[in-house]
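Novice: take this sequence and fold it.
(one chain, ligands or ions: 4)
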Amino acid sequence: MSETRTTCPYCGVGCGVIARVENGEVSVRGDDSHPANFGKLCVKGSALGETTGLAGRLLHPEVDDQPVSWEQALDTASARLRAIIDTYGPQAVAFYASGQLLTEDYYAANKLMKGFIGAANIDTNSRLCMSSAVVGYKRAFGEDIVPCSYEDLEQTDLVVLVGSNAAWTHPVLYQRLVQARANNPAMKVVVIDPRRTATCEIADLHLALAPGSDAGLFVGLLNAIEPGQGSDWSIERVAAFCGLSSDDVETFYAWFIAAPRAVTLYTMGINQSTSGSDKCNAIINVHLASGKIGRPGCGPFSLTGQPNAMGGREVGGLANQLAAHMHFTPDDLSRVARFWGTERLAQTPGLMAVELFEAIARGEVKAVWIMGTNPAVSLPDSHAVCQALAACPLVMVSEVMRDTDTSRFAHIRFPALGWGEKEGTVTNSERRISRQRAFLPAPGEAKPDWWIIARIAQRLGHGAAFAWDHPHAIFSEHAALTAFENHGERQLNLAALAQLTRAEWDALAPWQWPINREALSHARRVQVTPQPHGATPNLLYPLMLNSGRLRDQWHTMTRTGYVPRLMQHLAEPTVDISPQDAARLGVQEGQLTRISAPRGLMVARAKINPGQRDGELFVPMHWNSCFSRQGKVNALVEGRCDPHSGQPESKQTAVRLMPWQPAWQGELYSREELTLPTWVHWWRKATAGVSRMTLAADKPLLEWLMAHCTGQGWQLQIAQTGERSSVLAWHDGALMLGFWQGTGLPVLAYTFIEEAFRTAPVQLAERHALLNGQQPGEHVEPGRIICSCFSVGENAIREAMAGGCDSAAALGAKLRCGTNCGSCVPELKAMLSVRV
Ligand SMILES: Nc1nc2c(c(=O)[nH]1)N[C@H]1C(S)=C(S)[C@@H](COP(=O)(O)OP(=O)(O)OC[C@H]3O[C@@H](n4cnc5c(=O)[nH]c(N)nc54)[C@H](O)[C@@H]3O)O[C@H]1N2
Ligand SMILES: Nc1nc2c(c(=O)[nH]1)N[C@H]1C(S)=C(S)[C@@H](COP(=O)(O)OP(=O)(O)OC[C@H]3O[C@@H](n4cnc5c(=O)[nH]c(N)nc54)[C@H](O)[C@@H]3O)O[C@H]1N2
Ligand code: SF4
Ligand SMILES: [Mo]
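Specialist: Ligands and ions are numbered 1, 2, ... in the order given. You can find the predicted model right below:
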């Protein structure tokens, strides 16, 4: 048995985790001593042990789909890169990196691209995430500085959450806020989001404003703070612009002005906008004007999404930054070139994510190296992105998984070490640097990302600058660069960590880099003119599509989508729709719908939600071609970007929705994954030990399936009653495949069926029940899992409610639901509130 202190690889809260390995089994618990979480973990963090298996991992390098040795992979990659650079110049090469790389990996990638290949075409998925926030801080403070800490939440009078569903996306921080509010009844919470989300559970005021209208609200607040400034953003004008009542706007303004201290937390509802940078400054402006900045319990606090978005910003991973918070100015260029000992340093900013893929599509960029991100899913206009990748002469991908939407386009695949296997550092939302430590052996031939970059650098002739033997050496170099000729000009200064020995670095305790908070209260205000979002609804596309995150999934699902426990909360792409819109469009709860935009189409199951504004839809960003047919929202989203930050407007797209009544829907369980005919719609559902897919189509599949089974020499058992049919296929008394279909989605005894795949031989009486999809005798299915920590299903909760449990606490006492991470408590309360 061994225990290792490390850091969660999911969100920017950056929780400390203690990983324990016992008899090859990995389990995790929160690290009591970590100041980001003091021992708490959310559902995703708690399930980390279940993600360390090797199923689906990329374990060997591949060139043109063939497994090869590292020597061959690295030689081929560098020879092809060299050929492109020699013929077309360095601008024909680009890297597309990720806020999920470790700081050391990120530093290495940035140094190779900007410093030695000599073009600044290295951008990252943080462009889709944090880049507006970066512009906001830089314009206000002259540097990308987050002027807050988590402990400000315990020292404040008012917390404003704007465009943030922290209850699901920063759960441990949200629970900290829940606790802080419970400890201080005078504290108020305002949530600003067009949807009523789980985060609204603790809101004293929820402003369900019109999509994209936040700047109006904050410019109006500035006007209320300083009435003499001559702005014509009166409360009435704000209310009209934002689609809110004047009373609600007035209440918010009165609370903000009266509160001695206030923190504004903001994330993607603000950043992902064609005027996201201005919105960030509109928020910063009200903190500056009211003096709610630079002291405890105050400040404009942009929460970072990814575990190391902040580390990426520190090393300069974006195409328009240099390194260590330096810019493309003559002094900084000279300083970085001297520090790196290079004469090839890129002199001008490079291409930003959306532009970069457009340049690939035009054939200007001919080689792209993608590391730790899945752009075929996450970039807007994904059909265009896929076409660009398909046409690109050289696509290299560093990945932990073999099959992703993006890796399908790769000519060269590098197997990267994943969480628990690699060593390095990450920086969380509050500028706290923590170690990620290895506690598992390197699987197959996988290597750390920095190692792969350094080996390519050597083959391109830059060996001396990339001669590190350990990530500690890279960290020391990065820290030294932050301190190099700093003279107090850059607040990012890690001099204190630049001389750590390897043992000290190994043992490094979480460390928050200091800033001079007071200096920030004299920052610059940026004049903001509120702009509408850029989506233009019309008669054909009259609805507004919003997209974002679910509680238990992480981005493109490459890690969470295979964990049964995390698949149980919501297992299919859903579209939230208001009851009025549903009635108007003839959409029933649970019905399939087609959502279309000029660029593409997706299929999602309707969820009628009174917390949704009329005319607006919400779908998760997670589904993709590995988990569904036509489940990808970015097939619809346009690549419209903020002119300052280059961040796309992922939150607003004009669409049309139509109910889709397929000829049949069904559930397919099989021992081996099947490749279905292309016209079948499918959703893969992670289930232990067996493949499960929910299916729907307009043409019959039954014959195809039966032919498949008999082709395998399996015995068929078939039933047909009315519109329902089912097929079981047997081999030597073992269940090989089961299929149940109806005009609607059949409701089955899922756990009983799954059990039948694990037991052989199956008794005859049970075979009959199986064919009906029902268990013989009394049986309660758990229903949709509400509490993932303790796998408590909807049915058990309803039964406990019928038995007298009338509060979340009572449910928790009886079933344990909601008593670990707490992120299902809003849903428990919602179930209690609609009870008859
Ligand atoms: N479970 C889970 N947690 C995650 C992630 C994950 O994939 N899964 N990803 C992490 C990452 S990288 C990120 S960036 C964060 C994102 O964290 P969040 O930003 O909290 O998450 P989102 O769901 O993308 O969007 C937040 C909210 O913005 C709202 N919104 C949409 N348009 C507007 C608008 O015009 N104005 C306002 N005020 N609000 C609007 C949406 O309705 C949504 O509720 O989450 C991190 N945490
Ligand atoms: N419509 C819409 N689109 C969005 C958003 C939205 O709200 N709406 N949100 C945007 C935001 S904020 C973000 S952050 C992006 C996220 O989008 P992506 O970054 O594309 O999503 P991930 O699934 O996190 O991709 C990470 C990839 O890295 C791989 N990986 C994991 N660990 C390692 C490692 O150690 N090394 C390497 N080399 N690879 C590894 C994973 O298997 C996975 O394929 O999506 C953006 N796109
Ligand atoms: S809150 Fe974020 S960092 Fe903490 S355990 Fe959950 S996903 Fe991991
Ligand atoms: Mo993000």
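Novice: distance of the closest residue to ligand 4 within the stretch 501-650 of the chain relative to E799?
Specialist: Using C-beta to the ion, H555 is the residue of the stretch 501-650 of the chain that sits closest to ligand 4, at 7.8 Å. No exception for glycine: its C-beta is placed from N, CA and C like everyone else's. Distance, H555 to E799, using C-beta to C-beta, to the nearest Å: 35 Å.
Novice: name the spans of the protein whose pLDDT lies under the cut-off.
Specialist: When residues are selected by pLDDT under 70, those of the chain lie in 778-780, 835-836.
Novice: enumerate the residues of it near ligand 2.
Specialist: 98, 100, 125, 128-129, 268, 305-306, 371-375, 377-378, 398-401, 404, 416, 418, 449, 547-548, 555-556, 558, 621, 633-634, 637, 650 (C-beta under 6 Å from any ligand atom).
Novice: give me the buried entries from those.
Specialist: 98, 100, 125, 128-129, 268, 305-306, 371-375, 377-378, 398-401, 404, 416, 418, 449, 547-548, 555-556, 558, 621, 633-634, 637, 650 (16 or more other C-beta atoms under 10 Å).
Novice: among the residues you listed, which are located in strands?
Specialist: In strands, judged by DSSP state E, the following of these are found: M371, S398, E399, S547, G548.
Novice: pretty sure the third one contacts G56?
Specialist: In other words, E399. No. At 10.5 Å, E399 and G56 do not qualify as touching, with contact defined as C-beta atoms under 8 Å.
Novice: which residue does the stretch 651-800 of the chain bring closest to ligand 4?
Specialist: K651 (12.4 Å).
Novice: can I get the ones in strands among the buried ones among the residues of the chain next to ligand 2 in TSV with distance to R758?
Specialist: Shown next, in TSV, are these (distance: C-beta to C-beta, whole Å):
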residue	distance to R758
M371	38
S398	36
E399	31
S547	37
G548	36
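Novice: just those now: which is nearest V526?
Specialist: For those, the closest approach to V526 (C-beta to C-beta) belongs to G548, at 26.5 Å.
Novice: quick one, what contacts E3?
Specialist: Contacts here follow C-beta atoms under 8 Å, 6 or more residues apart in numbering; on that basis E3 touches I18, A19, R20.
Novice: do C280 as well
Specialist: For C280, the contact set (C-beta under 8 Å, 6+ apart) comprises S132, A133, V135, G136, Y137, Y266, I270, N271, P300, S302.
Novice: re the thing from before, give the buried subset of the contacts of E3 as a ChimeraX selection command.
Specialist: Applying 16+ other C-beta under 10 Å to these, the buried members can be selected in ChimeraX as follows:
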select :18,19
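Novice: which of the contacts of E3 fall within strands?
Specialist: Per DSSP E, these map to strands at I18, A19, R20.
Novice: how near is the second one to S2?
Specialist: As defined by C-beta to C-beta, A19 lies at a distance of 9 Å from S2.
Novice: quick check: neighbours shared by these two?
Specialist: Common contact partners of A19 and S2 (C-beta under 8 Å, 6+ apart): F439.
Novice: may I have the phi/psi pair for the residue nearest in space to the middle of the chain?
Specialist: Closest residue to the average C-alpha location of the chain: H555 at 3.6 Å, with C-alpha atoms, centre = their mean. When read as degrees, to the nearest 10, the backbone of H555 gives phi 40, psi -120.
Novice: cross-check the contact I'm expecting between it and H622.
Specialist: Yes. If you go by C-beta under 8 Å, H555 and H622 touch, sitting 6.5 Å apart.
Novice: what residues does the stretch 451-600 of the chain put near ligand 3?
Specialist: Counting by C-beta under 6 Å from any ligand atom, no residue of the stretch 451-600 of the chain sits close to ligand 3.
Novice: swap the cut-off to 8 Å and go again
Specialist: W554 (C-beta under 8 Å from any ligand atom).
Novice: need the helices for the stretch 451-600 of the chain, in chain order.
Specialist: 471-483, 495-498, 502-506, 517-520, 564-567, 579-585 (DSSP state H, counting those that start in this stretch).
Novice: export those helices to TSV and tack on distance to ligand 1 and mean neighbour count?
Specialist: Formatted as TSV, the helices of the stretch 451-600 of the chain follow (distance: least, C-beta to the nearest ligand atom, whole Å; neighbours: other C-beta atoms under 10 Å):
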stretch	distance to ligand 1	mean neighbour count
helix 471-483	22	22
helix 495-498	26	16
helix 502-506	27	13
helix 517-520	24	16
helix 564-567	9	22
helix 579-585	16	15
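Novice: so which of the ones you listed gets nearest R784?
Specialist: helix 564-567 (11.0 Å).
Novice: perfect, I'm done here.
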